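**Student:** Please work out how this folds:
(chains A and B)
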Amino acid sequence: MSLAVIQALVLRYLFLYTRSPMRLVELIFWPVVELVIWGYLTLFIQENTTGDFPRIIVFLLGAMILWDVIFRAQQGVAISFLEDVWTRNLLNVFVAPVRTVEYLAATFCVGFLRILVTITVLGLVAGFMYSFNIFTLGWALLPFFMNLMVSGWALGMISTALILRWGQAAESLAWAVPFFIQPFIAVFYPVSAIKPEWVQTISWALPPTHVFEGMREVLKTGVFAWDKFFWAAGLNLIFLTAAGMVFFYMLTLTRRRGLLTKFATQ
Amino acid sequence: MPTPDPREVILEARDLTREFDGVKALDAFNLKLHRGQVLGLLGANGAGKTTAMNCMLGLTLPTSGALFAFGKELQAHRIEILRRANFSSAYTALPANLLVWQNLLVFAKIYRVPKPKERIAELLEMMEISHLHKRVTGQLSAGESTRVNLCKALLNKPELLLLDEPTASLDPDIADKVRKIVLRIRSELNCGILYTSHNMKDIEEVCDHLMFLHKGKVVMEGTPKDIVERSSSSTLEDVFIKIARDGEIVDETTKKEEVAP
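**Tutor:** So this is what the prediction gives:
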């Protein structure tokens, strides 16, 4: 694997983002809108109810920000691939001396950079508007963040593999795939709220569930849930490997069927 | 103009067959491209040129047969081979919203070009488009885009160059410039060039060996002059039309009728 090639590919995406400010707006606009709506909603309910609400706003805003880590990491992989399709540049990349792992590594880096931009903005907005400090999670933020990013990369590879399999007609999957699992990974509510109960087994099989449950535990008790961290990390390892295998299989299949060129020049 | 070296084969296809849903897009296709040679692949739409080129670029896997570049099997040494090769097509583009120098810098880094900025300046000057280096790629004319794509294809001083219809949709003046550039590249880099085009003027001026494809099979090959003489045609365009319409051509040298299935 060549770092120089990965750097070159990342440089291309940086050029793309700096040349197209609208792409930066997309990174900031929707997450901020979502944060503001959720924030006002929880503030309204908090003012009109009694009980445990101060903590609930922290849960919800924390969950919203961490959900964006998965989503942005997934988008980093899937949208980077689509950028090459849209600009008819895919063939130039695939006939250049770029290994598939180098291509994927570059999209992972783009995912990481997208997260940094979004999280920084969301952290500042949440702090300014709702006095929510993302660092309430303390050092637990880092392992949670890493785990969610890896989950996002795996979902990004799956999205790209599906687009390779079904062509550009399936490009909306680049946005839809994370939402397929969102109801099951207990982002905004605990796993115990998921019904019927057997669905909870599916939830626990997904790595982000352990992160979101772990986050709630840290906020509630202040104790880092090591068991949930290890479950998330182990499951992520399995999911990332499986997603990588699916991606490589689909790419080989696309080459074998001779669809790569048609797909890239459509 | 350098003489093609008959001893050094830089690209070879052996019995290459590629089927799509039971239809043979390439049928036991053989090719040898020598260093310093410009080999033209000709044929009507669907004859198998693009499939051949895609197989040679590793974009499409052949159903059977083997491909070698610089004496090494393509799939097993793909990255090593691609570092010494390059490609330009009328049907691909560089990201439209990047500046010309940004696009070229990225590919220069991918190909690990030493002193990339100097090489980019040198190529832009060679193509007579130095004034475009800060222009947005998507705002270039077809002729300018083609020349920028050629700059990208020459960044690594390739020993093997694959050009897919480089003069498609260009006006005669720019097409003429592109042909001269291709000849200059061959002369300066002494590289082997595989060239596809539907423009017979291109082919006559640029290629020193031709292969006519019909339904995935090579139905005639030789120098442009030989082919015209052997087929009792007045122009290469006549040969092209006969093969495209009938799938056959009478070779006057051998008096043998080759009929494609």
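**Student:** so residue B:218, which of the three states?
**Tutor:** Under DSSP: H, G, I helix; E, B strand; the rest coil, residue B:218 falls in the strand class.
**Student:** neighbours around it, how many?
**Tutor:** 22 (other Cβ atoms under 10 Å in any protein chain shown). The C-beta positions use only the backbone N, C-alpha and C, and glycine is treated the same way.
**Student:** Check residue A:44 too.
**Tutor:** 10.
**Student:** Tell me how far it lies from residue B:161.
**Tutor:** For residue A:44, the distance to residue B:161 (Cβ to Cβ, to the nearest Å) stands at 66 Å.
**Student:** Just the element for the residue of the stretch 1-150 of chain B found nearest chain A, please.
**Tutor:** Nearest to chain A in the stretch 1-150 of chain B, going by Cβ to the nearest Cβ, is residue B:109, at a distance of 3.5 Å. Under the criterion of DSSP states H and E, residue B:109 resides in helix B:100-110.
**Student:** for that helix, what is the average pLDDT?
**Tutor:** Helix B:100-110 shows a mean pLDDT of 95.
**Student:** Going by neighbour count, which residues of it are buried?
**Tutor:** Buried residues in helix B:100-110, counted by 16 or more other Cβ atoms under 10 Å in any protein chain shown: B:100-110.
**Student:** CA-only coordinates of it, as PDB, when you get a sec.
**Tutor:** Provided in PDB are the C-alpha atoms of helix B:100-110 (Å, rounded to 0.1, in the frame of the first residue of the first chain):
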ATOM      1  CA  VAL B 100      -6.400  22.100 -15.000                       C
ATOM      2  CA  TRP B 101      -3.200  22.100 -12.900                       C
ATOM      3  CA  GLN B 102      -5.000  20.500  -9.900                       C
ATOM      4  CA  ASN B 103      -6.200  17.600 -12.000                       C
ATOM      5  CA  LEU B 104      -2.800  17.100 -13.500                       C
ATOM      6  CA  LEU B 105      -1.000  17.400 -10.100                       C
ATOM      7  CA  VAL B 106      -3.200  14.700  -8.600                       C
ATOM      8  CA  PHE B 107      -2.400  12.300 -11.400                       C
ATOM      9  CA  ALA B 108       1.300  13.300 -11.400                       C
ATOM     10  CA  LYS B 109       1.300  12.300  -7.700                       C
ATOM     11  CA  ILE B 110      -0.500   9.000  -8.400                       C
END
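**Student:** what packs against that helix?
**Tutor:** helix A:3-19, helix B:116-126, helix B:142-154 (3 or more Cβ pairs under 8 Å, 6 or more residues apart in numbering or on different chains; DSSP states H and E).
**Student:** ok, the residue of chain A found nearest chain B - how many residues close by?
**Tutor:** Distances between chain A and chain B by Cβ to the nearest Cβ are smallest at residue A:8, namely 3.5 Å. Using other Cβ under 10 Å, the number of residues around residue A:8 comes to 23.
**Student:** which non-adjacent residue is nearest the residue of the stretch 151-261 of chain B found nearest chain A?
**Tutor:** Residue nearest to chain A within the stretch 151-261 of chain B: residue B:152 (7.1 Å; Cβ to the nearest Cβ). In space, and not counting its chain neighbours, residue B:152 is closest to residue B:107: 5.1 Å by Cβ to Cβ, 6 or more residues apart in numbering or on different chains.
**Student:** one step back: residues touching the residue of chain A closest to chain B, list them.
**Tutor:** Applying Cβ atoms under 8 Å, 6 or more residues apart in numbering or on different chains to residue A:8 gives the contacts B:106-107, B:109-110.
**Student:** quick one: the closest residue to residue B:208 other than its chain neighbours from residue B:53, how far?
**Tutor:** Of all residues beyond its chain neighbours, the one nearest residue B:208 is residue B:38 (5.6 Å), with distances taken as Cβ to Cβ, 6+ apart. Look at residue B:38 and residue B:53: by Cβ to Cβ, they are 14 Å apart.
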